[in-house]
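Trainee: sequence first, then the predicted structure, then my questions.
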Amino acid sequence: MPDEPGPAEASTAAALDIRSLRKEFGTAVALDGISLRVPNGSIFGFLGPNGAGKTTTIRIVTGLAHATAGTVRVLGRDLAHDRATIAREIGFLPDVPGFYDWMTAVEFLGFTGRLFGLGGSALRQRVDDLLDLAGLTNVATRIGGYSRGMKQRLGIAQALINAPRLLILDEPTSALDPIGRREVLETVASLRGRATVFFSTHILADVERVCDTVAILDHGRVVANSSVAALKQRAGVNRLAVTVDGDARVLAERLEGAPWLVACDIVDATLRLTVSDAQRAAHDLPRAVAESSLGLLRLASEEVSLEDVFVQLVGGERA
């Protein structure tokens, strides 16, 4: 019998609960026992370098591939026992979505809705609502004439046609221009409170902009899983901005080897420093500036970015 969640379990269960998931391709290990929980109602960022195992995880969760070991519960149901029911309750946008270029958006969404058994006035209303969500209400052009960003927004609308409780997006902003990327992110952000969104990407800024919870995957292992705010707090690093009157490169050379220095970026006359001990750095920096024969114009703390955390956990050469 399918493993049916009771009312209490359904209300408290994570939208997605993965335990010790492993996937092998011959002797190659794509997923090495990953575990993570996606809170109900969250926009969850699934972050990692290309090749980290993100798409493999998604293929297993959506039923397109089988795990070598481990368990997956989707919306409180065991994927191994209730795959068909789960498929009706999730939406999925793959990294390379397919469309019928000769259709309009209305025709395409109507076709998709009928595959889920929708029809009549309910389907027409659903299509109208999703076109509005995707910003495509007044677009009569056939899909073949759409920009990449428009296609991605239509893809999100298609993935929502069945009113899923969990929406899975695989690299939805990859290869988009800045305008298309912004439009897709705005569409994703508008889903907050309507569904749980599992947002897989390698683009750090996208996660920081729209996600409230994140897991970082590297070499098939989860190296972090928490809220974005908590992840920054636990990173153990701080950011300082130092603006000098003179050549900032001179100061950067003097700071090489400082025990508290993690990373240093130069932007014009400003050094943006990632440091492990902000108090000691703030104490040492004025003297280092003076010894470099420079004038100190500004010394201020800055918020730690998700990029700082990612580099610390995964490595700068792969960021």
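Mentor: That came through, no problem. Numbering: from 1, shown residues only.

Trainee: low-scoring stretches of the stretch 1-150 of the chain, by residue?
Mentor: Within the stretch 1-150 of the chain, the stretches with pLDDT under 70 are 1-13.

Trainee: cutoff 90 now
Mentor: In the predicted model, the stretch 1-150 of the chain carries pLDDT under 90 at residues 1-13, 49-51, 95-96, 138, 140.

Trainee: which residues in the protein form strands?
Mentor: For the chain, applying DSSP state E gives strands covering 16-25, 28-38, 43-47, 69-74, 77-78, 90-93, 166-170, 196-201, 213-218, 221-227, 238-245, 261-267, 270-275, 295-302.

Trainee: could you say what helices and strands the third one packs with?
Mentor: Strand 43-47 makes packing contacts with helix 54-61, strand 196-201, helix 204-210, strand 213-218 when contacts are defined by 3 or more CB pairs under 8 Å, 6 or more residues apart in numbering; DSSP states H and E. Yep, even glycine has a C-beta here, placed from its N, CA and C like the rest.

Trainee: wait, which of these is closest to Thr68?
Mentor: helix 54-61 (9.6 Å; CB to CB).

Trainee: output that closest one as PDB, nothing but the C-alphas.
Mentor: Only the C-alpha atoms of helix 54-61 are listed here, as PDB (Å, rounded to 0.1, in the frame of the first residue of the first chain):
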ATOM      1  CA  LYS A  54      22.400  19.100  -9.000                       C
ATOM      2  CA  THR A  55      20.700  17.800 -12.100                       C
ATOM      3  CA  THR A  56      21.200  14.100 -11.000                       C
ATOM      4  CA  THR A  57      19.400  14.900  -7.800                       C
ATOM      5  CA  ILE A  58      16.500  16.600  -9.600                       C
ATOM      6  CA  ARG A  59      16.200  13.600 -12.000                       C
ATOM      7  CA  ILE A  60      15.800  11.300  -9.100                       C
ATOM      8  CA  VAL A  61      13.300  13.600  -7.200                       C
END
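
Trainee: okay, angle between it and strand 213-218 too, please.
Mentor: Orientation of helix 54-61 against strand 213-218 (axes from the mean of the first three to the mean of the last three CA atoms, to 10 degrees) gives an angle of 120 degrees.

Trainee: list the contacts of helix 54-61.
Mentor: Contacts to helix 54-61, defined as CB atoms under 8 Å, 6 or more residues apart in numbering, come from residues 16, 18, 21, 23, 30-31, 34, 46, 48, 65-67, 72, 74, 79, 92, 95, 168, 170-171, 198, 200, 202, 217.

Trainee: mind putting the helices and strands packed on strand 43-47 into a markdown table with mean neighbour count and distance to Leu154?
Mentor: Formatted as a markdown table, the helices and strands packed on strand 43-47 follow (neighbours: other CB atoms under 10 Å; distance: least, CB to CB, whole Å):
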| stretch | mean neighbour count | distance to Leu154 |
| --- | --- | --- |
| helix 54-61 | 22 | 20 |
| strand 196-201 | 24 | 17 |
| helix 204-210 | 20 | 19 |
| strand 213-218 | 24 | 26 |
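
Trainee: worst mean pLDDT among the ones you listed?
Mentor: The minimum mean pLDDT among these belongs to helix 204-210 (a mean of 90).

Trainee: and it, what other elements does it pack with?
Mentor: Contacts defined by 3+ CB pairs under 8 Å, 6+ apart place helix 204-210 against strand 43-47, helix 178-189, strand 196-201, helix 306-314.

Trainee: for that helix, output the C-alpha coordinates as PDB.
Mentor: Output in PDB follows, covering the C-alpha atoms of helix 204-210 (Å, rounded to 0.1, in the frame of the first residue of the first chain):
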ATOM      1  CA  LEU A 204      25.200  32.900  -6.600                       C
ATOM      2  CA  ALA A 205      23.600  36.200  -7.100                       C
ATOM      3  CA  ASP A 206      20.300  34.600  -8.100                       C
ATOM      4  CA  VAL A 207      20.100  32.600  -4.900                       C
ATOM      5  CA  GLU A 208      20.900  35.600  -2.800                       C
ATOM      6  CA  ARG A 209      18.200  37.600  -4.500                       C
ATOM      7  CA  VAL A 210      15.200  35.200  -4.200                       C
END
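
Trainee: residues in contact with it?
Mentor: Here helix 204-210 makes contact (CB under 8 Å, 6+ apart) with 43, 45, 47, 173, 181, 185, 188-189, 199, 201, 214, 228, 305-307, 310, 319.

Trainee: ok, now stretch 119-134?
Mentor: Stretch 119-134 is contacted by residues 105-106, 109-110, 113-114, 118, 137, 139, 153-154, 156-157, 160-161, 163, 187, 190 when judged by CB under 8 Å, 6+ apart.
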